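>>> Can you look at this prediction? I've put the sequence above it.
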Amino acid sequence: MLDQGQVAGLDGCRGRWLCVMGDPQCPETIRALILENPGDLLRLDPRPQVVGADIPIGLADAAPRRADREARQRLGRPRGSSVFPAPLRVMMKAPSYEQACLIGRQQAGRALSRQAWNIIPMIRAMDDFLQAGNDRQAWVREVHPELSFQAWNQGLAMTHNKKTPVGRQERHQLVEATFPGAYEAACSDLVNERYAPDDLLDAFAVFWTAARIAQGRAIQLPEMPEKDATGLRMEIMF
């Protein structure tokens with residue numbers, strides 16, 4: 001049964017999923033854990049009402065997704081570069097990066113980024129999970145952390161790269177102001193896990209947007225999302 005007060009935010013972390021979950025109205029309930037695969041979401045107790053995931057959901061056949069293009073435009077430079085085009089669905093079965101790039105040049109006029117290739121196993125895992133159940137996309141929604149941070153920051157994109165100390169600090173300030181004490185508690189939860197500090201910050205940004213989705217306040221790109229060949233909406237929430 002879904003817990004109406006709980007939401008979750010997922011960010012990819014070394015081939016697994018860093019999950020921040022809890023009641024956004026009660027920061028003391030927020031915790032962090034590592035999930036091995038999307039199927040672990042079904043075993044969470046309590047099960048969150050909404051799950052946000054920083055992973056492409058819905059894959060185009062031939063052209064770049066409108067969601068990615070509009071996300072880059074909204075973020076502007078330099079943060080727009082954090083939105084890399086999602087792979088085409090046909091690329092999911094490519095045996096090598098070189099073959100995936102060849103497919104991209106033939107189908108869309110551009111190669112696949114190395115970043116997108118590196119997360120194809122996670123994209124495939126989420127794609128399989130969503131298609132294995134009835135309308136799971138109503139529960140698990142694609143979210144981009146930088147769009148979330150921009151909306152969180154009164155519409156102003158983050159000034160610094162998240163990999164830098166000052167970039168982590170400006171993102172942490174947003175987290176701490178909204179969910180006091182939750183970041184440090186999450187670090188304690190993950191004390192025996194390997195993760196990058198920006199992974200946890202991204203998961204909090206996705207968690208923040210998951211709360212907005214639950215409240216009916218989130219924005220989607222594009223306004224009228226297209227569906228892919230399997231029926232999944234190609235949209236990004238923030």
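Looks like it arrived, so ask away. Numbering: from 1, shown residues only.

>>> For the least confident helix or strand in the chain by mean pLDDT, name the packing helices and strands.
Of all the helices and strands that make up the chain, the one with the lowest confidence by mean pLDDT, DSSP states H and E is strand 2-13; it has a mean of 88. Packed against strand 2-13, as judged by 3 or more C-beta pairs under 8 Å, 6 or more residues apart in numbering; DSSP states H and E, are the following elements: strand 16-22, strand 47-54, helix 197-215. For every residue, glycine as well, the C-beta is placed using N, CA and C.

>>> helix or strand right after the shortest one?
Looking back up the chat, that one is strand 16-22. The first helix or strand that comes after strand 16-22 along the chain, using DSSP states H and E, is strand 31-35.

>>> Strand 16-22 and that following strand, what's the angle between them?
150 degrees (axes from the mean of the first three to the mean of the last three C-alpha atoms, to 10 degrees).

>>> Flag every buried residue along strand 31-35.
Going by neighbour count (16 or more other C-beta atoms under 10 Å), the buried part of strand 31-35 is 32-35.

>>> Spit out the contact partners of P24.
For P24, the residues meeting the contact criterion (C-beta atoms under 8 Å, 6 or more residues apart in numbering) are 7, 30, 179, 207-208, 211.

>>> Likewise for P180?
Applying C-beta under 8 Å, 6+ apart, the residues near P180 are P27.

>>> one step back: present the helices and strands packed on strand 2-13 as a markdown table; the columns should include mean neighbour count.
Conversion of the helices and strands packed on strand 2-13 to a markdown table gives the following (neighbours: other C-beta atoms under 10 Å):
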| stretch | mean neighbour count |
| --- | --- |
| strand 16-22 | 26 |
| strand 47-54 | 24 |
| helix 197-215 | 24 |
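
>>> want to try a markdown table for those, with mean pLDDT and distance to S148 as columns?
Conversion of the helices and strands packed on strand 2-13 to a markdown table gives the following (pLDDT from 0 to 100; distance: least, C-beta to C-beta, whole Å):
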| stretch | mean pLDDT | distance to S148 |
| --- | --- | --- |
| strand 16-22 | 98 | 12 |
| strand 47-54 | 98 | 8 |
| helix 197-215 | 98 | 4 |
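
>>> who touches the residue positioned nearest the centre of the chain in this structure?
Per C-alpha atoms, centre = their mean, the C-alpha nearest to the average position across the chain is that of D54, at 1.0 Å. For D54, the residues meeting the contact criterion (C-beta under 8 Å, 6+ apart) are 9-12, 142-145, 202-203, 206.

>>> go with 7 Å
D54 is in contact with 10-12, 143-145, 202, 206, counting by C-beta atoms under 7 Å, 6 or more residues apart in numbering.

>>> buried residues in stretch 136-156?
When neighbours are counted by 16+ other C-beta under 10 Å, the buried residues of stretch 136-156 are found to be 136-137, 140-152.

>>> before we move on, what about stretch 70-90?
Taking 16+ other C-beta under 10 Å as the basis for neighbour counts, the residues of stretch 70-90 that come out buried are 70-72, 74-75, 79-80, 82-83, 85-90.

>>> again with stretch 173-182
Buried residues in stretch 173-182, counted by 16+ other C-beta under 10 Å: 174-175, 179, 182.
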